[in-house]
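Chemist: sequence and predicted structure are below.
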Amino acid sequence: MEEDKRMKVKKGSLAVRVGVEGDEGRFRRFVIPISYLNHPLFRKLLETAKEVYGYSSSGPIKLPCSVDEFLHLRWLIERESQSSSSARSGLHHHHSFSLHSC
């Protein structure tokens, strides 16, 4: 029963599995807002996932990066969305992010 609760994802969100294949098979599950799919940094990560795993998947999308890298990416996306929503100054932010474990 508890596992069923874990499987449910709120509307407007999606589940992803983050981890590196050689890292003892450890993947960590995250639930993220669907809005991440529109962010250039997340799209870059999805492209890498497509190259590594292909398109077919059963279950959450697997992202080929370390948990630390994913947490940093999530922090960048959140920081950018907070700054753009609090100050609509017209400034465009450029971020560089690379996946070292891929």
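Modeler: Now that the structure is in, tell me what you want to look at.
Chemist: all the helices of the protein, in order from the start?
Modeler: 2-7, 40-53, 67-86 (DSSP state H).
Chemist: tell me which helix or strand in this protein has the weakest average pLDDT.
Modeler: helix 2-7 (a mean of 50; mean pLDDT, DSSP states H and E).
Chemist: for the closest residue to Ser13 other than its chain neighbours, give me its contacts.
Modeler: Distance criterion C-beta to C-beta, 6 or more residues apart in numbering; nearest residue to Ser13, sequence neighbours excluded, is Val31 at 5.0 Å. To be clear about C-beta, it is placed using only N, CA and C from the backbone, and glycine gets the same treatment. Residues in contact with Val31, defined by C-beta atoms under 8 Å, 6 or more residues apart in numbering, are 9-10, 13-16.
Chemist: likewise for Ala49?
Modeler: By C-beta under 8 Å, 6+ apart, Ala49 lies in contact with 61-64.
Chemist: now it: how far from Ser57?
Modeler: 9 Å (C-beta to C-beta, to the nearest Å).
Chemist: out of the contacts of Val31, which are buried?
Modeler: Val16 (16 or more other C-beta atoms under 10 Å).
Chemist: so which of the contacts of Val31 comes closest to Gln82?
Modeler: Ser13 (18.0 Å; C-beta to C-beta).
Chemist: thought that closest one was touching Ile34?
Modeler: Yes: using C-beta atoms under 8 Å, Ser13 is in contact with Ile34, at 6.3 Å.
Chemist: where does the protein have low pLDDT?
Modeler: Within the chain, the ranges that satisfy pLDDT under 70 run 1-7, 22-25, 86-102.
Chemist: try it again at 80.
Modeler: Low-confidence segments of the chain (pLDDT under 80): 1-7, 21-25, 55-58, 84-102.
Chemist: phi first, then psi, for Gly19.
Modeler: The phi and psi values for Gly19, taken as degrees, to the nearest 10, are phi 170, psi 170.
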